[in-house]
Each structure stands twice: as structure tokens, then as C-alpha cells.
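Participant: requesting a structural model of the entry that follows:
(chains A and B)
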Protein chains: 2
Amino acid sequence: MLALAGYPLGLEFVFLDPAAEACASPLGAHLHADYLDQKALTTFVQQIDVATYEFENVPAPAADFVAARVPFRPAPQALTAGQDRFDEKQMFERLGIPVPRYRPVDSLPALELAAREIGVPAIVKTRRMGYDGKGQVRLRNFSDCASAWQSIGSPALILEAWVPFEREVSCLGVRALDGSVAFYPLVENVHRDGIIRTARPRQNDPLQAQAESYLLRVMKHLDYVGVLAFEFFVVDGQLLANEIAPRVHNSGHWTIEGAETSQFENHLRAVTGLNLGSTAQRGVSVMVNFIGDLPPLAELVNIDRLHLHVYGKTPKPLRKIGHATLTADSEPALDAALADFQQRFGAYL
Amino acid sequence: MLALAGYPLGLEFVFLDPAAEACASPLGAHLHADYLDQKALTTFVQQIDVATYEFENVPAPAADFVAARVPFRPAPQALTAGQDRFDEKQMFERLGIPVPRYRPVDSLPALELAAREIGVPAIVKTRRMGYDGKGQVRLRNFSDCASAWQSIGSPALILEAWVPFEREVSCLGVRALDGSVAFYPLVENVHRDGIIRTARPRQNDPLQAQAESYLLRVMKHLDYVGVLAFEFFVVDGQLLANEIAPRVHNSGHWTIEGAETSQFENHLRAVTGLNLGSTAQRGVSVMVNFIGDLPPLAELVNIDRLHLHVYGKTPKPLRKIGHATLTADSEPALDAALADFQQRFGAYL
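Facilitator: Residues are numbered from 1 along each chain as shown, chains lettered A, B, ... in the order given. Now for the predicted structure:
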């Protein structure tokens, strides 16, 4: 989606992706190699003017190698800031951003102690390499500690208090090379199995200003360039930080049709040193993910004001293989369209 | 732009283009060969499920070769129907669509006779291979016949009456495989040197129904599948046929941001056998072409609600190398935005 947004700006793309069937490969040159393959990295930097990424688990040494040779945006410190959940939460605290209670954990006794301190229910998460609900186990009782420790298979963990949230929301900000910023409207996200199922931007959400203030603190702290996604829990009407993603984000896919400038175009504007475009909404919209499999194309195209985005990925359980954005003229019309869509295609959502 | 619209539908692309620097080449496999290269055509048809085109001067034998092997949409008879201006006008007349007075011309005496019959001013045009004002000479006086005959360098000509038009408009229709149709709103086009400079869709134009009726006659006659563009002169408040283009059209580029479904997506839906998407307008919009050179990107991106489309073509005098679509909430706001844009970037338009 970055490449599709970039060609109209006159950009061209080289992709470094260890996956043989990288979904971007038809849209530019594909260097099929491991992120740490020095030869591939050398070829990569020789072919490009600026590097960016849309996967937050790029290894830090790869980022450092590239950043030493071409502009790498967002910078390596932004990439790594969200890679370790413990470090990330410490950064939030230092920046005055409220977070759920948490403890680092490196042994079963430490897990049991942390569970006593934080209480149950709580969530055990790997500190690194987690996304889409992977590397997470819920502790319902203190007695779950041993089985959780066994099942998660990593000694570098964090225990987080379970948050009785009213809503899960995210806010996307974008920061240009000159430090100017723009923010998209707050998005309400519905998760299942740790994966976003629907993402719906809200107009004039009362928490918009607070979310922007938190985003701005993080962006300034990291000297950030590009789109930054910040996921929050809403508890007692207040934002509690969940996590950041230093990239374009699933909860911003609606911006392709629903905003004046998509998150993809604004990310590219930022990392290529251009000024940002308007983040204003165009009507109302909601995004639904297709998880694991795709409904029949011939049925999807019959839905009025549905905008389809197929990723060209092989269907696989719990894999996001596409999304659709529904647009409407009013919130009630969108409610009806979404309800109808979910009824017809619930098996794919 | 077809490929950019097609990837989100899950399509992939192979391009046959005799230009070494085909602007689509980063977006798929590029077979760099002449349209009549049998080996390339064979490779082409082996790699694709359906063929379409966005250039109306594809040689008929190439179209026939492909059409004999894979679905070729719009069909070869649609491709050729607009390739000869004389045949095209005869088709319009048979379908009851008014045309300016015209005569076929194959010699200087024939040109002089035709000029007497039709009157001056008039336009001499080559019957074939004309586009963007190429292959056209205006006759201002009868005495211009000899120089026009000399300069145009082709013996297969047509003389057309010069039309004192009030407006130049176009209408784009799209017809699906099952015969269902949809029409975009009438577009007002401003030409200079035979090239569209601005294209602006109108809401509820009084000539909309008439234009759709003419398009429908042509689409049915040709058993058309895909987007068909029909350009008209408006004289005394009535439509007079100018020409058709059996493809997505410059006067439809505004649909990317200005319509629910772009002309590109609807063309692809049609040629791949899917149902059509809504052609309803999203707000008001106007497209401006960049001819010969591109304004500085850093300035363009500062214009609010401007959507840029750079084609990746080498700048060259009178070559269209990109366009921008301006969107607004009202016609007066769009008037102001367009006037401001033309004042700032007039040198590129």
C-alpha cells in the first residue's frame, strides 16, 4: 500500500523482504534475503535514496547498517523503542504517559511474584517480537503461572495488568522532517484473538487532544519522521498507553478512502522530506479486515460504497489477507452498512 | 493507473509496450516489443487470463492475434471502430448520433471540393493514428488547401466542418460482461493545442441523459465491455459527436478521488467479468494536466486538497506527464482553488 501510494508521487521502490512471496514484489524490485544479509543490504542501499519500513521487527543491526549509508526514517531509535515492551513502557512513564501496571519477568518465581504484586487477571507477554496477539498468554489465576511460563517459551517477559477497558482506540500521527506534525482522528478498534477486526475513525472524540499530546511527546522524544501509531485502552474515560508501532498501521487503512491524504502518502511525504498533506476526514468510514480467507470477490464488489484491498497473500488461518473500507454519508448509514456486512461475511472477519 | 487500481482487486499485470521506458513497467512484467512481434504476443497471451488496452492505436492484427487466444476486452471491433475517423463518423450517423459535416478526402482536388461543400473554417484530419491534436490542420481559407495537403503528409484524410462550440464535453460509460451499464457525470473539457488542459465533472448537466443515450447506442452496437469515452461538442445547447476512445480516458482521471469507483477500477471490473461499482461523485473536483514539465513537487504538495499523479514519463514538450485533481466541498470553493492553481502554475498547464 506504500508503493501504491508512492508511484503517483513519482517515487520508485526496492523491497528487501525475506519472504519469497512478498506481497509487494510485483510493485518494484524485490531483494529476497534475510534482513541481516550484508550482501543484500549493500545492494539495497546502493539502489535507494531513502529507506523506510512497515514491519517493526526489523533487526536493529540491519537498521543500523542501512542508517549508516542512507537516510533511514523513522530512525533506528524509533524502530527499537517499540521492540521491547518493557523499555517501551518505561519510555511512556518517563514521558508522563499513563500505562497499565507492569513488571519485567525473567523466571517462574519472578512471574509468580509479579502476579502477586499486579494481581490477576493479567497478561504475560514476550518482551520482543510480538504482534497480532502472538507471544501472549492470559493469567486468570495465580495457579496459571507455571503453565503460562511453560507455554510462552521465552525467558524475557513482561507481566501486564489486565485492563477492564471501555474501548480500544488508536491515534496515528505523522511528523515531517522539519518537525511539523499532523494527526488523524482517533480510531475505535475491535480486536479478537489479538487481531484488529474493525477500525472506525470517530469525529470529535473527546480524547482526541489527549491522544495527540501523547503522540507528540513520543514523536519529539524519538525525533520521529513518518507515521507513528499509538494504541490505547480507554479506562474510566482516560487513555492508558498500550503500545506504539513505528509505521503505517492497520488502524489507519481507512485513510485511503476516508481521509484527504492517506497514511501511506503522508508517511512517504515525511520520509522523502516533503510537507504533510491534510489528515481531514472525507465523510465517515470503517475498515474491516479479512482474516484467514477472502469472501468471493464477485459478492464483495456488489456492496455499495465498499472499497476492496486484497494483499496478494496466500490465505492462512489468522493471517490478514485483505481489508475493505465502507464509506457513508452519516454515522447511522455507516452503522447499517457495517451491520449488514458483518451479517453477510461474518465468517471471514 | 489501471495497474494501481488493479492490485487492490487482487489482479496482477503483464504489459506489452514498445516503449523502452514504459511508465507501467515498475508495476508488473514488461514485454518490451513491437505490437506486431509474434513471439512477444505469444509470450503475452501465455501469461495472462484477459487482455485489455489503454491505447487506441494498437494495430488490428495484434488485437486479432490476442483475441483469438484469450478474452480481449473491449473486443477488436471496438478497438478498430474509432481508429478511422471516417468509419467512426459513419457509425455515429447510422446510430442516429448527430455529427459535424464531414467528407473523406484522398487527393488535393478532393480536399478543395470538400472545402467548397463544407465551407471554411474547417479541419483537415488524418483518418488514422491521430490523438492529442496530432495529424490535424485547420483550414482558415480555401487557399489553405494546398499547404494543408502538403503539411499533413497522408493521403487518407477527412475534412470536418469547424464547429463553433459553446463547450467541449465528454461522457464516460462502462459496460459489464452481462450488458449492465453505468455512466459517469458529464465532464467539461478545456483543450489547447488539441490536448485536454482541464476536465471538470458537472452535477446534473442538462445534457447528461442525451450523452448517456448516445454512449449506450455505441456500446450496444459494439457489444462493448469496459470503459468507453465519448467526446462531444455542445452547439446550440445540443451534443454533436466528436470522437470515441475505447479505453479509460484523460477526462476521467478525476474519478480516482472524485467518484466512488474510479474509471480504472470499473474498467478492470468490466474486463474481468465483475459487476460494476458506483459512479456517483464524491464532492466536486477538477483535473488539471501537467503538459511538458512538472511543477516542483515540494510546491504542489503544499496545496490543500490537491491529489498528485506523476506518470514517471520523461518530460517532453506537449507530453502529458502527470495530472492533479483538486477537490472541494462546493463549486465556488473549487472555482477559487482552480483559479489560484492556474495563476501559480500556469506555465505547466
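Participant: near chain B, anything from the host helix or strand of residue A:298?
Facilitator: Assessed by DSSP states H and E, residue A:298 sits inside helix A:297-300. Yes: on the criterion CB under 8 Å from any CB of the partner chain, helix A:297-300 is in touch with chain B at A:297-298. Where you see a C-beta, it was placed from the backbone N, CA and C, and this is true even at glycine.
Participant: packing partners of that helix?
Facilitator: strand A:306-310, helix A:331-345 (3 or more CB pairs under 8 Å, 6 or more residues apart in numbering or on different chains; DSSP states H and E).
Participant: please redo it, this time with the cut-off set to 7 Å
Facilitator: Packing partners of helix A:297-300 (3 or more CB pairs under 7 Å, 6 or more residues apart in numbering or on different chains; DSSP states H and E): none among the helices and strands.
Participant: skip the chain neighbours and tell me the closest residue to the residue of the stretch 201-349 of chain A found nearest chain B.
Facilitator: Residue nearest to chain B within the stretch 201-349 of chain A (CB to the nearest CB): residue A:310, separated by 3.6 Å. Counting by CB to CB, 6 or more residues apart in numbering or on different chains, residue A:310 lies nearest to residue B:10, which is 3.6 Å off, once chain neighbours are set aside.
Participant: what's near enough to touch the one you found?
Facilitator: For residue B:10, the contacting residues are A:297, A:310, A:312, by CB atoms under 7 Å, 6 or more residues apart in numbering or on different chains.
Participant: neighbour-wise, which of those leads?
Facilitator: In terms of neighbours by other CB atoms under 10 Å in any protein chain shown, those top out with residue A:310 at 20 neighbours.
Participant: wouldn't that residue be in contact with residue B:11 here?
Facilitator: No: taking contacts as CB atoms under 7 Å, residue A:310 lies outside contact range of residue B:11: 8.6 Å.
Participant: if we can go back for a sec, so for the helix holding residue A:298, mean pLDDT?
Facilitator: Averaged over helix A:297-300, pLDDT sits at 94.
Participant: got the buried residues for that helix?
Facilitator: A:297, A:300 (16 or more other CB atoms under 10 Å in any protein chain shown).
Participant: still on that earlier bit, and the residue of the stretch 201-349 of chain A closest to chain B, how close does it get to residue B:225?
Facilitator: 22 Å (CB to CB, to the nearest Å).
Participant: for residue A:1, same thing?
Facilitator: In terms of CB to CB, residue A:1 sits 29 Å off from residue B:225.
Participant: which SSE is residue A:213 in?
Facilitator: helix A:208-221.
Participant: does anything pack onto that helix? Which helices or strands?
Facilitator: strand A:167-175, strand A:181-183, strand A:226-235, strand A:238-245.
Participant: so who does residue A:309 touch?
Facilitator: Residue A:309 touches A:253, A:322-324, B:8, counting by CB under 7 Å, 6+ apart.
Participant: pipe the residues you listed into TSV and attach pLDDT, secondary structure and distance to residue B:23 per row.
Facilitator: Shown next, in TSV, are the contacts of residue A:309 (pLDDT from 0 to 100; DSSP: H, G, I helix; E, B strand; the rest coil; distance: CB to CB, whole Å):
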residue	pLDDT	secondary structure	distance to residue B:23
A:253	98	coil	27
A:322	96	strand	27
A:323	97	strand	28
A:324	97	strand	29
B:8	97	helix	19
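Participant: mind putting those into TSV with distance to residue A:219 and neighbour count?
Facilitator: Shown next, in TSV, are the contacts of residue A:309 (distance: CB to CB, whole Å; neighbours: other CB atoms under 10 Å in any protein chain shown):
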residue	distance to residue A:219	neighbour count
A:253	21	27
A:322	30	24
A:323	26	24
A:324	30	26
B:8	29	21
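Participant: identify the farthest-apart pair in those.
Facilitator: A:253 and B:8 (10.8 Å; CB to CB).
Participant: what about the closest residue to residue A:138 other than its chain neighbours, which SS state?
Facilitator: Leaving aside its sequence neighbours, residue A:138 sits nearest to residue A:123 (CB to CB, 6+ apart; 5.6 Å). Following DSSP: H, G, I helix; E, B strand; the rest coil, we place residue A:123 in the strand state.
Participant: residue A:123 contacts residue A:135, correct?
Facilitator: No: look at residue A:123 against residue A:135 with CB under 7 Å: they stay out of range, at 10.5 Å.
Participant: got the contact list for residue A:3?
Facilitator: Residue A:3 neighbours (CB under 7 Å, 6+ apart): A:13, A:24, A:27-28.
Participant: any idea which of those is closest to residue A:349?
Facilitator: Nearest to residue A:349 among the contacts of residue A:3, with distances taken as CB to CB, is residue A:24, at 24.4 Å.
Participant: what about that closest one, distance to residue A:50?
Facilitator: 16 Å.
Participant: ok, these two, which is more surrounded?
Facilitator: Shown here are residue A:24 and residue A:50; by other CB under 10 Å, residue A:24 has more neighbours (20 against 15).
Participant: of residue A:1 and residue B:225, who's got more company?
Facilitator: residue B:225 (26 against 23).
Participant: was I right to think the more buried one contacts residue B:269?
Facilitator: No: using CB under 7 Å, residue B:225 makes no contact with residue B:269, being 10.3 Å away.
Participant: before we move on, which element is the closest residue to residue A:58 other than its chain neighbours in?
Facilitator: Excluding the flanking residues, the one nearest residue A:58 by CB to CB, 6+ apart is residue A:35, at 5.7 Å. Under DSSP H and E, no helix or strand contains residue A:35.
Participant: what's the local residue count around residue A:35?
Facilitator: 20.
Participant: alongside chain B, which residues does the stretch 151-300 of chain A contribute?
Facilitator: A:260, A:269, A:274-275, A:277-278, A:282, A:297-298 (CB under 7 Å from any CB of the partner chain).
Participant: what sits against the residue nearest to residue A:48 when sequence neighbours are not counted?
Facilitator: Among residues not flanking residue A:48 along the chain, residue A:14 sits closest, at 5.4 Å (CB to CB, 6+ apart). By CB under 7 Å, 6+ apart, residue A:14 lies in contact with A:28-29, A:31, A:44, A:47-48.
Participant: good, we can wrap up now.
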